[in-house]
Structure formats: structure tokens, C-alpha cells
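Enquirer: Let's see this in three dimensions:
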Amino acid sequence: MSKKDKKIILVAQCLINPYCRVHVLGQNFPLSHELMDYLMKLRVGIIQYPCPETTAMGLKRNPQGRQQYDNIFFRNHCKDLLQTPFLMVEEFLKNGYRLVAYIGLHNSPTCGIHWGKHKVNRYNTESPMPVDNPDPKEPVLMGIMAEILSEKFHALNMDVPFLELPIQQPPESEQRTKFWFDLKHLVEPRNPEYMEQNGN
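Expert: Sure thing, here's the model as predicted:
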């Protein structure tokens, strides 16, 4: 890999500080350690934004679905939190750095990328628990913060890969394996291992 390939990545804060997560998603510090070690080893600069759920509702918030966060107040809060981190991204890009990807959190109503059908609670509002056998025809949405990020990148005509870290799946799971393959392919595009598997 050329030394001129200067890389940055944008990540959800709880990937670096798992204490921010709502309790049903767990903390999983070893996985955060593994991710940060990999990015540091490959000299990838990390830009994070403050956790929108924590800054809006604190650490003792109840688990909620995307439905409860999908309101104008929370969306404006997310946009406010992104101002400085996004300016940092733009500054790095203007100085020759490559934005590798955005990494969110699997099954997060704010920072996830694939939010499908979820169970509803006794108050008929969406819960953070996915349905057991989702209908493949059901629409899949991004989390609120991820959606806002996507809109910002689109407005700047930037094609940025979006990944989500599956923290609740075991290390040998298909989801975890795919995450690592996709991330390594983006960080190390000229690594022969990933070029060969992609037919390049």
C-alpha cells in the first residue's frame, strides 16, 4: 500500500466508547478493541460524532425503535451533532485524504444501516427487537443518523460506503465475517487477498 494513501473513516461514537450504547445492545469492549487496533495498524484516522441518543436522552434511556426517534426534534439534534465532524471530514478530503467508509452499528435505530421490521410493544410502538421471520418484501430503512449522513454525502455527490458492525453476532457468524471482509477490502484495496476474491 502506497504511503500516499492517507485514509480516514467516520464512525459512530459507541464503536469507540461502548458505554454509550443502550443496554440491550451490550457493550462488547473486545470487539471495539479489535476494530480500533485494526484501523490504527493500517494508519486509518478515525473521526467520530457524539452519540445522538446519549446526548439527547442520557445514559439511562429506555430501549426504543426507529419510530420513536423519527421526529423533527431528534433529526435537528443529529444535524447539530454532525456539524463539526462533517467539517473535519471535508477538511481532510481537501487535503488529499481518502474517506474509506462510514461505520454504524447493527440494529441501532439511529446509527444502523438496515432497520427492517421490528416487534411492537404493548403500547403499539416499535421495539428494538427485530421480528423473528421478517418478510423479505418489507422495506429496510437506515437509522436516523445514518440516513442524515447519507443525505449529506449525496448532496455533495460523494459515494461513501456504509458498513454496520454486527456486535451481537458471534465472531464466526456470516454477518461478522462479511463485515470484516468488506472493511478490509475498503481499507486495503490493493491487498492481493481481497483483489483475488473480487475477481480483480
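Enquirer: Where does the prediction get shaky in this protein?
Expert: 1-3, 192-200 (pLDDT under 70).
Enquirer: what about the helices in it?
Expert: If DSSP state H is used as the criterion, the helices of the chain fall at 29-41, 52-57, 66-69, 72-94, 144-155, 174-187, 192-197.
Enquirer: C20: which of those is closest?
Expert: helix 52-57 (4.8 Å; CB to CB). All C-beta atoms are positioned from the backbone trio N, CA, C, and that covers glycine.
Enquirer: circling back: just put the helices of the chain in CSV and tack on distance to L105 and mean neighbour count.
Expert: Shown next, in CSV, are the helices of the chain (distance: least, CB to CB, whole Å; neighbours: other CB atoms under 10 Å):
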stretch, distance to L105, mean neighbour count
helix 29-41, 11, 14
helix 52-57, 11, 20
helix 66-69, 13, 18
helix 72-94, 14, 15
helix 144-155, 9, 18
helix 174-187, 11, 16
helix 192-197, 24, 12
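Enquirer: okay if I get the ones you listed as JSON lines plus distance to N107?
Expert: Converted to JSON lines, the helices of the chain look like this (distance: least, CB to CB, whole Å):
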{"stretch": "helix 29-41", "distance to N107": "14"}
{"stretch": "helix 52-57", "distance to N107": "13"}
{"stretch": "helix 66-69", "distance to N107": "10"}
{"stretch": "helix 72-94", "distance to N107": "18"}
{"stretch": "helix 144-155", "distance to N107": "12"}
{"stretch": "helix 174-187", "distance to N107": "11"}
{"stretch": "helix 192-197", "distance to N107": "27"}
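Enquirer: who's the spatially most central residue of the chain bridged to?
Expert: Geometric centre of the chain, nearest residue: G104, 0.7 Å, by CA atoms, centre = their mean. Counting by DSSP bridges, G104 forms beta bridges with E164.
Enquirer: quick one: contacts for it?
Expert: The contact partners of G104, taken as CB atoms under 8 Å, 6 or more residues apart in numbering, are 12, 111-113, 143, 145-146, 162-165.
Enquirer: same check, this time on K119
Expert: Contacts were defined as CB under 8 Å, 6+ apart; by that measure K119 touches 126-127, 129-131.
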